[in-house]
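Undergrad: whatever this is, show me its structure:
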Amino acid sequence: MLILFQNRGLAFLFLLFVVLPGCVAVGPLSPKKLKSDKNIVVRGESFTEDVDLTEILEFSPSVPGVMKAVVHGNLVFEKCNFYQFVTHAKKDGKEYVVEFKGDLVFDECLFRDTVNFDYLTVNGDFYAGKSEFMGPADFNYTWFKGRNTLFSNSVFYQDARFNKTIFENRAHFFKAGFKKAALFQAAVFKGRAFWGAATFDGYAEFAQSRFLQDLNMSKSRLNDRSNFGGMYVVMDAIFNNMHFEKMADFSKCVFFQSPEFSDTEFKEGQKGVNEE
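TA: Coordinates of the predicted model:
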């Protein structure tokens, strides 16, 4: 479980020494370490090979056609460099998926190539603050079940895909940067979702997404087309002080509260904002 502090360094120290009691700093990952129930911390490691958990972990049948591996301890990476990081694969006619019972943390990490976290389940908190994703980042159908899911201050240089992803509680994308497409089609946010001061340089897709609590995108900037069509927001929908450089589509949205667009600029226009 992560507890939010204004001081990020203090928050991370709290995570390591209070939330993760008994965790041990280790070197490179190994099958033996991951298969144990102990908490693992990896600091300052540069991985020269891909980290593919579908090749490291032991899998067993879950439902027909699906093999699952479970990591019981918390896994923390601090200031590490990766090439590919993979938790999902299709092979031999079967789907291989991974579930983390505890927290999964990437603090100030660099991913040089593809990240494939499709169908991942994280029962604890997920943290990827101040991290850089140089290749495509796939989180489709991922299930974040912890109290907090954080991508604050992280940058995605290629497409970031969160289609049909479920966020059980708070989702934080504060000051996140999306250089290419940011795809959240049909994603479900059951807790508060915060994109304050985020930057979208590529196409932004939130069509058919569901927000069961507050959505706040204030002070964000969207420099390409954006699609919010059919979005569903149960509580406050706040789009104040935003800048939309290209056409923004809000058609067929369902807002249970009146959405806020104070001091927001639509440079090429919008669809649906004033619909009754």
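
Undergrad: how many neighbouring residues does Ala69 have?
TA: 20 (other Cβ atoms under 10 Å). Where C-beta positions appear, they are placed from N, C-alpha and C, glycine not excepted.

Undergrad: typo on my end, Val122
TA: 24.

Undergrad: just confirm it contacts Gly146, I think it does.
TA: Yes: using Cβ atoms under 8 Å, Val122 makes contact with Gly146 at a distance of 6.1 Å.

Undergrad: now for these two: what residues contact both?
TA: In terms of Cβ atoms under 8 Å, 6 or more residues apart in numbering, Val122 and Gly146 are both contacted by the residues Asp103.

Undergrad: so Gly230 touches Phe255, yeah?
TA: No: using Cβ under 8 Å, Gly230 is not in contact with Phe255; the gap is 11.8 Å.

Undergrad: excluding sequence neighbours, find me the nearest residue to Tyr203.
TA: Residue nearest to Tyr203 in three dimensions, not counting chain neighbours: Ala181, with 4.6 Å by Cβ to Cβ, 6 or more residues apart in numbering.

Undergrad: ok, the one you found to Ala137 distance?
TA: Distance, Ala181 to Ala137, using Cβ to Cβ, to the nearest Å: 11 Å.

Undergrad: overlap in contacts, the two.
TA: Between them, Ala181 and Ala137 share the contacting residues Asp159, Ala160, Arg161, judged by Cβ under 8 Å, 6+ apart.

Undergrad: tell me the contacts of the second one?
TA: Right, the one you point to is Ala160. Contacts of Ala160 by Cβ under 8 Å, 6+ apart are Phe133, Pro136, Ala137, Phe139, Phe178, Lys180, Ala181, Ala182, Leu183.

Undergrad: go on, Ala181?
TA: Asp159, Ala160, Arg161, Gly202, Tyr203, Ala204, Glu205.

Undergrad: closest to Asp103 among the residues you listed?
TA: Ala160 (21.2 Å; Cβ to Cβ).

Undergrad: against Val98, how distant is the closest one?
TA: In terms of Cβ to Cβ, Ala160 sits 20 Å off from Val98.

Undergrad: what of Phe206?
TA: Distance from Phe206 to Val98, by Cβ to Cβ: 27 Å.

Undergrad: just give the number of residues close to the residue lying closest to Val254 once chain neighbours are set aside.
TA: Closest residue to Val254 apart from its sequence neighbours, by Cβ to Cβ, 6+ apart: Tyr232 at 4.6 Å. Using other Cβ under 10 Å, Tyr232 has 16 neighbouring residues.

Undergrad: domain ranges for the chain?
TA: Per automatic domain parsing, the structural domains of the chain span 1-136, 173-276.

Undergrad: ok so, going back, and the two most separated of the contacts of Ala160?
TA: Top of the distance list for these (Cβ to Cβ): Phe139 and Lys180, 14.6 Å.

Undergrad: higher neighbour count, those two?
TA: Phe139 (26 against 17).

Undergrad: ok, Phe162 - contacts?
TA: So Phe162 contacts Phe139, Asn140, Thr142, Ala182, Leu183, Phe184, Ala187 (Cβ under 8 Å, 6+ apart).
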